[in-house]
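**Q** Quick one, what's the 3D model for this:
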Amino acid sequence: MIFGQSKTKIIFTKTGSLNYNVVVLMIYNNILFFKPGAIGDLLHTLPSLKALRQAFPAARITLVVSPGLEQLVNGSSIADRVEVFDKQRMKDRFRDFIAYGGRLRREQYDLFIDMQPSLRSRLLCWLSGSRTCLVYKKQKMVKAEGRRLHAVDNFMQTLAPLGIAQPVDRIELPVQQGAARSAETFLRSQPNIRNRPLIALNCGVGAARPSRNWFPDRFSHLADRLIRELDLAVVFVGGGEDNELVGEVLAGMREKAVSAAGKLDLAETAALLARCRCLVSSDTGPLHLATAVGTPVIGLFGSTDPARTGPVGPNCTVLQKKLPCVPCEQKTCPLSTSACMTSISVDDIIASIKEKFLCS
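**A** A predicted model of the protein is given here:
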């Protein structure tokens, strides 16, 4: 496509097929990898970013992420530079958006990989003057070649025109040394842990998709049983926005647990999760963060499809009941029953923990 002085080849990747008529056989020296999304979305693109680095080892790769997520990937070898793109600020202040596009043009990127496609990102691609733009295309609720693509594979498909096609069996995120020290300091300050095996619980899913919620009273009951029956130390993880919910869960408990919600940043939370025997969580960022640092997980799935957004890696367990409405992929339960999450019991989780993580 040609806009004014900029000549940009925009390639929209196809889902469900890895057969491309055109493969971009070029050497790229300056690459922009644009992914200002949520935690889980960013983590799901890490295998693609790693494959890109392997394909172009001499290239300068800039990774663009949402505010706060830069701490997860700063210092990583898969990107030479990490930048922050504040979508809300750029939406409210168009002048800043245009200025950002001008700065991208001055950087002279020759490849723009748009993993967070929108009208704004399309405009940025044009403003950047990059000669090639690869655009991610999300696979919807259809099957591709007999199966639904997982998000990590869907993101990897975006790179197929570059001749990159790698199977993904795990997500890897190194724990930062400074964050590990901070997490250890936090744990040592908690008398309720006492050298017992540590298990993490994440009870927050954010306000955008309440259909993913499990229930505070069940988290309270689960935590009590983990402490009383299995002699585990329980730590709740999450951000500052989860403080009220975690407080409600703690108030409903008889035993003593620890809350790290809002007390650690993302890199420190990743380090804390790496110290845990297991994480129990719904389909949200901390679930994928735990798998990325190698911690076994139990994912509680209802409205979302684990074939699409389930945990990736070894020692991952998904609990999801086979109901006619599952998965609906709706933000709120269309039946107003939340049956998919109600049907997951505390006993289900306790049994899974005993089988998968305590008897091995």
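**Q** Which parts of the stretch 101-250 of the chain are strands?
**A** 111-114, 132-135, 198-202, 233-236 (DSSP state E, counting those that start in this stretch).
**Q** In the stretch 101-250 of the chain, where is pLDDT below threshold?
**A** By pLDDT under 70, the weakly predicted segments of the stretch 101-250 of the chain are 140-147.
**Q** Which segments of this structure make up each domain?
**A** The record assigns the chain these domain ranges, following automatic domain parsing: 2-162, 177-358.
**Q** Show me how far the shortest one is from its chain's centre.
**A** Right, the one you point to is domain 2-162. Counting by Cα atoms, centre = their mean, to the nearest Å, domain 2-162 is centred 16 Å from the centre of its parent chain.
**Q** Adding mean neighbour count, write the domains of the chain out as CSV.
**A** Placement of C-beta: from N, CA and C, glycine included. Putting the domains of the chain into CSV (neighbours: other Cβ atoms under 10 Å) gives the following:
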stretch, mean neighbour count
domain 2-162, 17
domain 177-358, 19
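**Q** for these, which one sits closest to D169?
**A** Closest approach to D169 among these is made by domain 177-358 (7.2 Å; Cβ to Cβ).
**Q** What is the three-state secondary structure of the closest residue to P210 other than its chain neighbours?
**A** Spatial nearest neighbour of P210, chain neighbours left out: T332 (5.7 Å); criterion: Cβ to Cβ, 6 or more residues apart in numbering. Per DSSP: H, G, I helix; E, B strand; the rest coil, the local secondary structure of T332 is coil.
**Q** hmm, back to that, and the domains of the chain: which comes nearest I171?
**A** The nearest among the domains of the chain, by Cβ to Cβ, is domain 177-358 at 4.5 Å.
**Q** Longest helix in this protein, please.
**A** When the chain is parsed with DSSP state H, its longest helix is helix 39-55.
**Q** what helices or strands is that helix leaning on?
**A** Taking 3 or more Cβ pairs under 8 Å, 6 or more residues apart in numbering; DSSP states H and E as the contact definition, the neighbouring helices and strands of helix 39-55 are strand 30-34, strand 60-65, helix 70-73, helix 151-157, helix 285-292.
**Q** what are the C-alpha coordinates of stretch 345-360, in CSV please?
**A** Once side chains and other backbone atoms are set aside, the C-alpha atoms of stretch 345-360 remain, and they are given as CSV (Å, rounded to 0.1, in the frame of the first residue of the first chain):
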residue,chain,number,x,y,z
SER,A,345,-15.4,-27.5,43.4
VAL,A,346,-12.8,-27.2,46.1
ASP,A,347,-12.6,-31.0,46.2
ASP,A,348,-11.7,-30.9,42.5
ILE,A,349,-8.7,-28.7,43.1
ILE,A,350,-7.5,-30.5,46.3
ALA,A,351,-7.6,-33.8,44.4
SER,A,352,-5.6,-32.3,41.5
ILE,A,353,-3.0,-30.9,43.8
LYS,A,354,-2.6,-34.2,45.6
GLU,A,355,-2.3,-36.2,42.4
LYS,A,356,-0.1,-33.9,40.3
PHE,A,357,2.1,-32.1,42.7
LEU,A,358,2.3,-33.9,46.1
CYS,A,359,2.4,-37.5,45.1
SER,A,360,5.1,-37.2,42.4
